[in-house]
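Trainee: my questions are about this predicted structure, shown below with the sequence.
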Amino acid sequence: MHTPERNEQAPEATQPQERVSSSADQPAANWEADRPQTVQLGEQLIGFAGGVIDLARTEALLAVHTLPKVMMLWLIMMPIILLTWCSFSALVAWSVVALSEQLGLGMLTFFLLQVLLLFVCRWLFVKYRARMTFPYTRAHIDNFVRSTKNEFSRRSETKE
């Protein structure tokens with residue numbers, strides 16, 4: 001096994017490279033070297049933003065053109081949904097008539113199912129209407145106004 005002398009360099013070692021001048025020594029040279037990359041990055045960013053805007057515009061046009069189809073589908077679905085509910089109610093009412101052999105109890109069951117549906121719809125209506133009044137935003141604004149009034153009143157008391 002061969003061991004290198006003190007002044008001799010090991011075969012796997014490399015010579016230290018000369019020290020590269022720092023960016024403080026030549027800021028203009030570094031700026032000039034980075035300029036093409038910066039311009040290319042800016043062009044790519046502009047291209048990306050333009051592509052996203054074009055995609056959003058195209059999707060918005062597609063959504064606008066699809067809106068009449070969705071409205072027509074909704075208009076077709078409404079009677080189907082109503083008939084399905086009525087069929088379900090009639091089935092439940094008929095089951096009550098078959099079990100109890102009383103026609104009046106079956107009719108009462110049908111009526112109560114419709115009333116139940118009305119209560120559920122009313123509850124959802126109230127819930128959604130409350131959400132549409134921006135309760136959290138109004139509470140946030142009210143808290144801000146209240147704290148501002150308190151701050152102004154405290155400052156006026158301090159001045160006196």
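Mentor: Structure's in. What do you need? Numbering: from 1, shown residues only.
Trainee: remind me, longest helix of this structure?
Mentor: helix 27-100 (DSSP state H).
Trainee: run through the neighbouring helices and strands of it.
Mentor: On a contact count with 3 or more C-beta pairs under 8 Å, 6 or more residues apart in numbering; DSSP states H and E, helix 27-100 meets helix 103-131. In short, each C-beta sits where N, CA and C put it, glycine included.
Trainee: which SSE is immediately downstream of the helix it packs on?
Mentor: For helix 103-131, the following helix or strand on the C-terminal side (DSSP states H and E) is helix 135-159.
Trainee: can you give me the buried ones in that following helix?
Mentor: For helix 135-159, the neighbour count (16 or more other C-beta atoms under 10 Å) marks no residue as buried.
Trainee: can you check stretch 111-122 too?
Mentor: For stretch 111-122, the buried set under the neighbour-count rule, 16+ other C-beta under 10 Å, comprises residue 113.
Trainee: any idea of the mean pLDDT in it?
Mentor: Stretch 111-122 shows a mean pLDDT of 96.
Trainee: also stretch 152-160?
Mentor: Averaging pLDDT along stretch 152-160 yields 71.
Trainee: try stretch 100-107
Mentor: For stretch 100-107, the mean per-residue pLDDT is 95.
Trainee: CA atoms of stretch 60-74 as CSV?
Mentor: Provided in CSV are the C-alpha atoms of stretch 60-74 (Å, rounded to 0.1, in the frame of the first residue of the first chain):
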residue,chain,number,x,y,z
ALA,A,60,-67.0,30.7,-18.5
LEU,A,61,-68.3,30.7,-22.1
LEU,A,62,-69.0,27.0,-21.8
ALA,A,63,-70.8,27.5,-18.5
VAL,A,64,-72.9,30.3,-20.0
HIS,A,65,-73.8,28.1,-23.0
THR,A,66,-74.6,25.2,-20.7
LEU,A,67,-76.9,27.2,-18.4
PRO,A,68,-80.1,26.9,-20.6
LYS,A,69,-79.6,23.2,-20.8
VAL,A,70,-79.3,22.9,-17.0
MET,A,71,-82.4,25.1,-16.6
MET,A,72,-84.4,22.9,-19.0
LEU,A,73,-83.2,19.8,-17.2
TRP,A,74,-84.3,21.3,-13.9
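Trainee: what angle separates the longest helix of the chain from helix 103-131?
Mentor: On the basis of axes from the mean of the first three to the mean of the last three C-alpha atoms, to 10 degrees, helix 27-100 is oriented at 160 degrees to helix 103-131.
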